[in-house]
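Student: Coordinates for the following, if possible.
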Amino acid sequence: MSDEQAPRRFNLSRRRRENSPAGTKKRRDLWVTAEEEAALVARAARDKVTVPNLLISSALSDAQETTVERRAAIAELMSLHNLLARSSNNINQLARQANATSEFPAEAREALKHIRSVAVRIDRTIEGLIQG
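Tutor: Residues are numbered from 1 along each chain as shown. Next comes the predicted model:
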């Protein structure tokens, strides 16, 4: 059996990507700082790939979130943090009132309903981050 007829095996230790049958069509030049270059080289070495392969696989991966998506998730979590801080203050005031009068305040039911809705939003945000 000649080399051309031999079945090709996938090589897991391969650093470069396979050559495209159609050839390379576009070239992209990228300018980075010395710190960014060092980080790219270190990450590529850790993953045992070349820097161009690392950049292409990272950019085209569906598993990675974009910076915009990450910022939106962080903004949502910060908003939820502020809601919880305000809600906990309200709960403390209601508890103080309940302890002073020995009666369960009517506003407490609404406050607890609000806390539950915030908890649901937190769960949804975390699920969105996990699912990507």
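Student: Report the contact partners of Asn99.
Tutor: Residues near Asn99 by C-beta atoms under 8 Å, 6 or more residues apart in numbering: none. For every residue, glycine as well, the C-beta is placed using N, CA and C.
Student: quick one: which helix or strand includes Ala95?
Tutor: According to DSSP states H and E, Ala95 maps onto helix 67-101.
Student: What residues of that helix count as buried?
Tutor: Neighbour counts using 16 or more other C-beta atoms under 10 Å place Glu76, Leu80, Leu83, Ser87, Leu94 of helix 67-101 among the buried residues.
Student: Output stretch 88-99 as CSV, nothing but the C-alphas.
Tutor: Output of stretch 88-99 as CSV, limited to C-alpha atoms (Å, rounded to 0.1, in the frame of the first residue of the first chain):
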residue,chain,number,x,y,z
SER,A,88,-32.1,42.5,53.3
ASN,A,89,-32.3,46.0,54.8
ASN,A,90,-36.1,45.9,54.4
ILE,A,91,-36.3,42.4,56.0
ASN,A,92,-34.2,43.6,58.9
GLN,A,93,-36.6,46.5,59.5
LEU,A,94,-39.6,44.2,59.3
ALA,A,95,-38.0,41.8,61.7
ARG,A,96,-37.3,44.6,64.1
GLN,A,97,-40.9,45.7,63.9
ALA,A,98,-42.1,42.1,64.4
ASN,A,99,-39.9,41.7,67.5
